[in-house]
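# For reference, the sequence and a predicted model appear below.
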Amino acid sequence: MDYAFKERIGKPELFTGRKEELAYFLKWIDDIKEEKSQSTALLARRKMGKTALSERLFNITFFKNDGVIPFYYEVREAKMWVVDFCQDFFLTFIYQYIAFKSRKPGYLDPENRSDFGKTIEIAKQEGLDYLCGIIEGAAHAVAHEKIDILWNIAREAPKTIASRQKEYIVQMIDEFQFLNAMIYWDKDKKNPADTLAGGYLSTAESKIAPLLVSGSWVGWLMNLLKKMLPARFRYYPLENMPQDEAIEMVYKYSQFFDTPVTEETAYLIAKIAEGSPFYISSIFRSLYKRKDLCTAKGLTEILEFETLNNQGNIKLTWMEYVNAAFNKVNDRNAKKIVLHLFKHKGHELTRKEILDDLNLETSDEKLEEKMEALVKGDIIEQGVSNYRYRAVGDNIFDKVFRGVYQDEIEHFDVSVIKKEYARSFEKLKRQYRRLQGKYNYQKGYFAEYLILDELKYRARKNNEVLKSITRNLPEDFNFCAYEKVWRYDFAPEYSRGFNIDIFARAAAAGDYSIIGEVKSRDTRKFSKEEALDFERKLESVKKQEKIERAVGFIFSRSGFTKEAEEYCKEKGIACSENERWLGG
Ligand SMILES: Nc1ncnc2c1ncn2[C@@H]1O[C@H](COP(=O)(O)OP(=O)(O)OP(=O)(O)O)[C@@H](O)[C@H]1O
Ligand SMILES: [Mg+2]
């Protein structure tokens with residue numbers, strides 16, 4: 001599909017999984033048309049993929065063009081005068097709206113986002129004259145610095161337009177917590193506008209333009225929502241990715257960054273990362289020089305680098321949070337407390353237990369203040385009550401923190417951390433072997449990635465072998481060099497799960513591209529209905545990608561029904577069930 005909005009993830013194909021969340025939010029967005037959806041806060045630990053998910057939701061909603069208009073705004077972490085902020089917020093919305101209505105994605109990234117006159121001109125040009133009034137109103141409020149009026153116009157604009165035009169809009173606001181911290185009443189930026197978010201008290205109740213908010217400081221965001229916007233938002237927690245999606249992500253990144261993995265290390269990476277997309281992506285993007293992701297030893301070295309070295313992306317990212325928090329609560333005791341909670345991972349401790357265990361000479365009030373700041377800074381988590389606290393359930397953050405502070409507090413040798421990684425991998429390897437013993441675990445679940453690998457790295461060399469185990473190929477067919485070998489997600493139909501397992505585009509025009517489907521079921525054979533279904537997908541992809549010369553290919557581990565086999569032969573769709581395709 002055409003991704004109208006440039007996503008930060010980079011190549012759109014890198015986006016993996018999040019099937020459950022996409023299904024949930026696509027339905028939530030669809031339900032806006034029935035006025036059933038309530039404003040929601042997407043909450044998750046840092047770097048869990050909140051932004052990636054929101055941006056993808058924007059693109060799918062934009063592309064679907066099915067009665068809900070998407071608006072995405074990120075409050076930046078930069079000080080801004082409230083008038084400039086309101087103008088930016090308002091015009092970003094107006095341009096996204098114009099882009100949607102005119103079906104011209106170019107407006108998502110306008111050359112000039114500060115000129116009201118130009119915006120009015122464009123609105124007229126696109127036949128959206130009804131926008132002129134509100135744009136003029138905003139321009140007037142900006143010119144006369146009528147701050148309260150301006151913030152009302154800007155904040156309410158999506159709701160106002162939806163209501164007047166009888167339309168529906170989904171408003172996604174990322175980094176929502178900065179609304180109360182980065183905007184200033186005065187041009188000199190001395191007087192913080194720390195009540196702006198409160199304006200959403202009524203706006204967030206809208207059912208025709210509900211909000212989906214998120215932010216990278218979850219403790220802070222929660223605090224803000226609870227204090228300023230009580231009962232206005234539902235909370236949707238975004239968890240770690242499930243194991244199959246995490247492994248799929250490993251294979252995708254492996255292909256994309258040309259960094260091979262083995263079936264075993266793919267499992268180890270997904271497990272050690274605990275399904276965090278950030279850890280998986282950091283492992284593949286690591287600056288560590290001798291990168292080897294085919295052995296547990298190589299993997300340990302990368303993780304050690306990422307955790308302990310100042311160039312490690314994981315360490316750099318986490319230290320940003322740690323530094324911010326300890327700027328506010330900078331004392332040895334706070335660090336001691338965090339280390340102590342790590343030692344009791346999985347358990348919640350009360351303030352009394354913390355005071356007693358560590359022999360702290362401080363009052364309960366002072367301790368509460370300190371703990372609140374640590375929670376707000378995402379260094380620890382609140383337990384089931386305000387009196388209880390726990391360590392974040394993340395094995396890598398824990399090591400970064402200990403790597404930096406444990407020596408200062410307890411004279412600790414950081415080489416222990418390397419040993420801990422090595423021990424974790426030993427344990428995971430044993431798990432992996434047990435799984436393998438059960439059935440051919442990986443080959444079953446990830447057959448398509450093994451075939452993608454085969455096509456990408458070895459198909460030309462193995463041309464004759466692969467041809468001999470694949471039926472119905474054209475006479476003049478040869479495996480060739482492919483410009484791109486990829487899984488293909490056909491996103492407009494995303495919610496219905498339309499995708500193509502294999503998409504290998506031939507590098508040279510005269511060669512055949514391959515568009516394929518992989519089924520790794522143990523018993524049920526590939527049916528004629530499935531073959532018909534596949535043929536339809538094949539035609540759409542050929543059309544979408546403007547490919548003339550392509551071979552359809554079905555790999556089905558459990559074989560084909562007689563009817564399917566005949567149909568494929570008649571249509572020239574290549575078939576195989578031979579496990580040799582899965583490498584090795
Ligand atoms: N579904 C996904 N598929 C592939 N990569 C992903 C996915 N989700 C996130 N990532 C990668 O993980 C990293 C973190 O993602 P993202 O920035 O979206 O998280 P976030 O929760 O918004 O982080 P923050 O807490 O900093 O706002 C990025 O490098 C992103 O490319
Ligand atoms: Mg984010």
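Now that the structure is in, tell me what you want to look at. Worth saying up front: this structure is predicted, and the values here are computed from it rather than measured. Numbers count the residues shown, from 1 in each chain. Ligands and ions are numbered 1, 2, ... in the order given.

# so where's the longest helix in this structure?
Assignment by DSSP state H gives helix 415-438 as the longest helix of the chain.

# chain center to that one: distance?
27 Å (Cα atoms, centre = their mean, to the nearest Å).

# Give me the helices and strands touching it, please.
Judged by 3 or more Cβ pairs under 8 Å, 6 or more residues apart in numbering; DSSP states H and E, helix 415-438 is in contact with helix 263-272, helix 296-308, helix 395-410. C-betas here are computed from N, CA, C, even on glycine.

# pLDDT averaged over stretch 151-171 - what is it?
For stretch 151-171, mean pLDDT rounds to 96.

# Same question for it: list its buried residues.
Of all the residues in stretch 151-171, those buried under the rule 16 or more other Cβ atoms under 10 Å are 151-159, 161-162, 165, 167-171.

# Narrow those to those in strands?
If you go by DSSP state E, the buried residues of stretch 151-171 have 168-171 in strands.

# relative to helix 395-410, how tilted is the one helix or strand residue 340 maps to?
Assigned by DSSP states H and E, residue 340 belongs to helix 332-343. Relative orientation of helix 332-343 and helix 395-410, computed by axes from the mean of the first three to the mean of the last three Cα atoms, to 10 degrees: 130 degrees.

# name the helices or strands packed onto the next helix-or-strand element following helix 332-343?
Next in sequence after helix 332-343, counting helices and strands by DSSP H and E, comes strand 349-350. Other elements packing on strand 349-350 under the criterion 3+ Cβ pairs under 8 Å, 6+ apart are strand 388-391.

# Might you enumerate the residues of this structure proximal to ligand 2?
50-51, 216 (Cβ under 5 Å from the ion).

# just curious, which of the residues you listed is nearest to residue 199?
Checking the residues of the chain next to ligand 2 against residue 199 with Cβ to Cβ, the nearest one is residue 216 at 21.6 Å.

# ok, back up a step: just put the helices and strands packed on helix 415-438 in a markdown table and tack on distance to residue 4.
As requested, the helices and strands packed on helix 415-438 are exported to a markdown table (distance: least, Cβ to Cβ, whole Å):
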| stretch | distance to residue 4 |
| --- | --- |
| helix 263-272 | 31 |
| helix 296-308 | 34 |
| helix 395-410 | 35 |
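
# residue contacts, residue 306?
282-283, 286, 288, 312-315, 396 (Cβ atoms under 8 Å, 6 or more residues apart in numbering).

# which one among the residues you listed gets closest to residue 61?
Closest to residue 61 out of these is residue 282 (29.1 Å), distances taken as Cβ to Cβ.

# Could you measure from the closest one over to ligand 2?
15 Å (Cβ to the ion, to the nearest Å).

# Can you give me the neighbour number for that residue?
Using other Cβ atoms under 10 Å, residue 282 has 22 other residues around it.

# what does residue 333 give?
Using other Cβ under 10 Å: residue 333 sits among 18 other residues.

# try the one 10 residues further on
Applying other Cβ under 10 Å, we find 12 other residues in the vicinity of residue 343.

# ok, now how distant is it from ligand 1?
Counting by Cβ to the nearest ligand atom, to the nearest Å, the gap from residue 343 to ligand 1 is 26 Å.

# what does residue 280 give?
Taking Cβ to the nearest ligand atom, one finds residue 280 at 7 Å from ligand 1.

# For that residue, give me its contacts.
246, 249-250, 253, 269-270, 273.

# I'd like the residues you listed laid out as JSON lines, including neighbour count and pLDDT.
Output for the contacts of residue 280, formatted as JSON lines (neighbours: other Cβ atoms under 10 Å; pLDDT from 0 to 100):
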{"residue": "246", "neighbour count": "24", "pLDDT": "93"}
{"residue": "249", "neighbour count": "26", "pLDDT": "93"}
{"residue": "250", "neighbour count": "25", "pLDDT": "93"}
{"residue": "253", "neighbour count": "21", "pLDDT": "92"}
{"residue": "269", "neighbour count": "26", "pLDDT": "95"}
{"residue": "270", "neighbour count": "25", "pLDDT": "94"}
{"residue": "273", "neighbour count": "24", "pLDDT": "93"}
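
# Report the beta-bridge partners for residue 517.
Counting by DSSP bridges, residue 517 is bridged to residue 554.

# Verify the contact between it and residue 554 for me.
Yes: the criterion here is Cβ atoms under 8 Å, and residue 517 meets it with residue 554 at 5.0 Å.

# The two: who's more crowded?
residue 554 (26 against 22).

# can you tell me which residues contact the closest residue to ligand 1 within the stretch 351-500 of the chain?
Residue nearest to ligand 1 within the stretch 351-500 of the chain (Cβ to the nearest ligand atom): residue 378, separated by 8.7 Å. The contact partners of residue 378, taken as Cβ under 8 Å, 6+ apart, are 45-46, 217-220, 321, 325, 392.

# Please apply the same query to residue 474.
512, 551, 572.

# and the last one, what does it touch?
In this case it means residue 572. Residue 572 sits next to 472, 474, 551-552 when contact means Cβ under 8 Å, 6+ apart.

# Sort out which of these are in strands and list them.
Checked against DSSP E, those include these in strands: 551-552.

# which of the contacts of residue 572 lies closest to ligand 2?
Closest approach between the contacts of residue 572 and ligand 2, by Cβ to the ion: residue 552, at 39.3 Å.

# right, and the closest one touches residue 539 too?
No: counting by Cβ under 8 Å, residue 539 is not a contact partner of residue 552; they are 9.2 Å apart.

# which one of these two has more residues nearby?
residue 552 (25 against 12).

# Walk me through the domains of the chain.
Split into domains by automatic domain parsing, the chain comes to 12-237, 241-331+340-348+392-438, 444-582.

# Tabulate those (CSV), appending distance to residue 365.
Formatted as CSV, these follow (distance: least, Cβ to Cβ, whole Å):
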stretch, distance to residue 365
domain 12-237, 18
domain 241-331+340-348+392-438, 14
domain 444-582, 50
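
# what comes into contact with the helix holding residue 340?
With contact meaning Cβ under 8 Å, 6+ apart, helix 332-343 is reached by 326, 349, 354, 357-358, 360, 362, 370-371, 374, 379-380, 389-391, 398, 401-402, 405-406, 408-410.

# Next: stretch 539-555.
Outside of stretch 539-555, the residues within contact range by Cβ under 8 Å, 6+ apart are 447, 451, 470, 473-474, 477, 488, 490, 500, 502-503, 505-506, 509-519, 526, 531, 534-535, 538, 560, 568, 571-577, 581.

# List the buried residues in it.
541-542, 547, 550-555.

# gap between it and the chain center?
29 Å.

# contacting residues around the residue of the stretch 251-400 of the chain found nearest ligand 2?
Going by Cβ to the ion, ligand 2 is nearest to residue 278 of the stretch 251-400 of the chain, at 10.1 Å. With contact taken as Cβ under 8 Å, 6+ apart, residue 278 is in contact with 46-49, 314, 317.
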